[in-house]
Structure formats: C-alpha cells, structure tokens
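Chemist: what would the 3D arrangement of this be:
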Amino acid sequence: MIKVTNGGVIAPKGFKAGSVHCGLKRNIKSHDIAIIFSEQPCKVAALFTTNRIAAAPIKYSKKVVQNGVVHAIVVNSGNSNSCTGKKGYKDAETMAQLTSRHLNIKPDEVIVASTGVIGHHLPMAKIKSGISKSFARLGNQNAHSINISKAIMTTDTVPKTIAVKTKIGGKEVTIGAIAKGSGMISPKMATMFCFITTDASISLNTLRSCIKKSTDGSFNQITVDGHMSTSDMVAILANGMAHNRNITSSNKIDLALFQKALDYVTLNMAKAIVKDGEGATKFIQIEINEAKSTSDAKKVSRTIAESPLVKTAINGEDPNWGRIVSAAGYAGIPLDESKLKLSVNKIMIYKNGLPVTPFPKKLLSEMKKNEITIQLCLGKGNKSATLWTCDLSKEYVKINADYHT
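Modeler: I've put the predicted structure just below:
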C-alpha cells in the first residue's frame, strides 16, 4: 500500500535541504540556489538530457554518477551554465568543491545541476555566497521542503513535490521528490529536473534499473512543446537508512513494491510538469491502442501531442478529428485509415475512415473540461502507449516571446 505523506525530498530518513536567494533571479524573495544532503552516503542512479549540446553541470555530474556514490546535490536556477565553454565546466567543478568543503565530503560525491538562461557564465561570487548560506540553513522541517521546491523553479508557476511511504520486507520505506519544468519539455530528457530521495536499502544495479523503467513510463512520455533542453536530469539517491532487507533483482516481491512506489512518484511529477506547462489550460492524455508495436504506438502518440494544430484546436475547445488523424498519418509507421477508430473523452468521432454522423454534440461540452483524453485505435495489433501533454495557448507564445537570454 502506498501512502502519500509530507516532506518531499527530505521526507526519507537522513535527508536535509537548505536554500536561499543569492541573486540569480531578480525577485529577492525567490530562492535560486539549494543543497540536498544525506547524512549517510547514497547509492545514486541518474538519467540526463540526450541533447548533444549538454550543459557543463550535466557533463560534470555524469562523471560523478558513474562512481555510484554521492552525498549531496547542489542546484541553482536562473542560469543554466550551458554553452559556456571550459570556464563553465570549471565553474561546475567549483560548485561541487565549495559544497563538499562545507559538508566535509568529497567533491566527486556532489551532483551539480543548473537551469535557466543559456549562454551566460555563472556569477561565481554570488554562487559561493549562496552555497555557504544554503549550508547554514540545512534542515528537515516542512519549510525547508517548500523552499527547495521553489528554488529550482524557472517559468514554473507552482512548486512540484511529493513523498510516499510503503512497507517493504516489514520496514517502512519512504520516497520523496521535487521537480521543475514548464516549457522546453520533450524528454528524453528535457527542460526538467526531478530529484528523488529514498531511505531504501537497494543494490546499485537494481536502483539503476528501477529509475530507468520509471522514467521510460513517465518523464519520457510527456511533452509540452517538443523542444529538448541542454541541462536536465532525473536523479535518485538511496541512503539505506530504512534498514529494510537489501532490494535486489532476485527478490521479486520487494523489488515490485519499490518499483510500484517509485513509478507512482515519477508519474505524479511528470503529470505535474505537464499541468504546469507554459500557458497551459488543458491537460491532455493521448492513448494509442491496437498498435503493431509499442514503438509504433509511442511514435503516433508523440506526433499527435507535438502537432501545433492539434494543440491549438484543443485550446480552442474544437474536437478537430481531422488534425488528429492527419498527424497520426505522418508519424512514419504503416497505417490503414479504414481500421482507425478515434474517440475524445470516450465519445467516438471517427471510425473506419469516416467521421461519425451525426456529429455527437455532447462532445462540445466535453471539450470545455480541463482534462481531455484522446483515444486512437490503429487496428494493427495489441500494443499500446500513453503520453501526456497540454494545449498551446496565446499565453505560451507571450511567455516565450518575452523570455530573453
């Protein structure tokens, strides 16, 4: 049984967080640098942006994660330290070094993450001060959880945080998370962070397998605008302080319980990112069924989700089946239009190559709802995929037209 609780990333035993405003954001009330720290060393697994133009903190943190052990994460918002050359990489190293000195750990036990505008060097004097002050504020109270979830935000309008408890082998295990992301969302991975903490005892290889499986079913199945970022990651830290029997691939029951709880956390965070999509007014679930392969189903779902015409139609509350079907048609897989069946909020509007007549007028009221489900059956097999996205509004254009580097 999974029980939702408070505390976010500091809900699991042994984790603390601290954050402050150091001057990267204009609003002095907005925290923009933070530290997450575990009293005990953690096994770590992470997935990073697949953008070939990766930010300096990504390059640095990949090396850290290869070691398999970390103690802390230091993260800033307002500046992504991306496309900043050798100096940018050196600045990422310096962030790890400064953090490690305060925490009395090794620099290669610190993950570094940055998000914000591209192409500007970090103001290292402000960063140094911010790390020092964040260390001084480390704690595990609810205020610490709220503040750190806000400290990683950029164009987000709401903080994204969750924590859950579950019983594994008779012991209570906690998983907590914070996430950020609103625009430039099209993983594998995209403009998003998700930092996950757990007090579970788990083998490194099993942890790596679990986070990959969870990410494939959550963060890699969302899109806001189809634009992939340079900076982002999903990282999970496990310190073992729950003292459950060690979770491995050979213990199927314990593994299934942990995977289920982790899936719950990542899917919750992924959906929260989509719901907070820049300018979004509609949350859209796209279900592709009866595909020949899962790969085919994913291709069709993403093609529909990233169609500007589909997204704007839904923003205008228009059940435009032609845009949905035509988007599926250029997904790059074999289709037979005579076998297609399309429903919106369970109301069929297209079947066997023709629109349903008479037009189901009930759908007009359904389109006014905040959540829209598109179901497309391909009639090719028994595989399926689900992807989550949002509409495209005038406000999205305004936000990104006004967001300068």
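Chemist: list the helices and strands the helix or strand containing Ser301 packs on?
Modeler: Using DSSP states H and E, Ser301 sits in helix 294-305. In terms of contacts (3 or more C-beta pairs under 8 Å, 6 or more residues apart in numbering; DSSP states H and E), helix 294-305 is packed against strand 283-291, helix 321-329, strand 371-377, strand 383-390. All C-beta spots, glycine's among them, are computed from the backbone N, C-alpha and C.
Chemist: other SSEs contacting the shortest one?
Modeler: So that's strand 371-377. Other elements packing on strand 371-377 under the criterion 3+ C-beta pairs under 8 Å, 6+ apart are strand 283-291, helix 294-305, helix 321-329, strand 341-344.
Chemist: returning to what we had before: what angle sits between the helix holding Ser301 and strand 383-390?
Modeler: Angle of helix 294-305 versus strand 383-390, following axes from the mean of the first three to the mean of the last three C-alpha atoms, to 10 degrees, is 20 degrees.
Chemist: and the next helix or strand after helix 294-305, what's buried?
Modeler: Sequence-wise, the next helix or strand downstream of helix 294-305 (DSSP H and E) is helix 308-315. Burial within helix 308-315, assessed by neighbour count using 16 or more other C-beta atoms under 10 Å, is assigned to Val310, Lys311, Thr312, Ala313, Ile314, Asn315.
Chemist: residues in contact with the closest residue to the second one other than its chain neighbours?
Modeler: Setting aside the residues directly before and after it, Lys311 is nearest to Leu392 in space (C-beta to C-beta, 6 or more residues apart in numbering), at 3.6 Å. Taking C-beta atoms under 8 Å, 6 or more residues apart in numbering, we find Leu392 in contact with Asp225, Gly279, Pro308, Lys311, Thr312, Asn315.
Chemist: need the contact list for the second one.
Modeler: Right, the one you point to is Gly279. Shown in contact with Gly279 (C-beta under 8 Å, 6+ apart): Leu392, Ser393, Lys394, Glu395, Tyr396, Val397, Lys398, Ile399.
Chemist: could you do the fourth one as well?
Modeler: With contacts defined as C-beta under 8 Å, 6+ apart, the neighbours of Lys311 are Ile284, Ala305, Thr389, Cys390, Asp391, Leu392.
Chemist: how much space separates Asn345 from Lys362?
Modeler: Noted for Asn345: a distance of 9 Å to Lys362, by C-beta to C-beta, to the nearest Å.
Chemist: flag every buried residue along whichever strand or helix holds Leu257.
Modeler: In the assignment (DSSP H and E), Leu257 maps to helix 252-275. Buried residues in helix 252-275, counting neighbours by 16+ other C-beta under 10 Å, are found at 254-255, 257-259, 261-275.
Chemist: equivalent analysis for stretch 62-75, please.
Modeler: Judged by neighbour count (16+ other C-beta under 10 Å), stretch 62-75 contains these buried residues: Val64, Val65, Val70, His71, Ala72, Ile73, Val74, Val75.
Chemist: name the nearest of those residues relative to Ala200.
Modeler: Val70 (15.4 Å; C-beta to C-beta).
Chemist: which residues does the closest one bridge with?
Modeler: Beta-bridge partners of Val70, counted by DSSP bridges, are Cys42.
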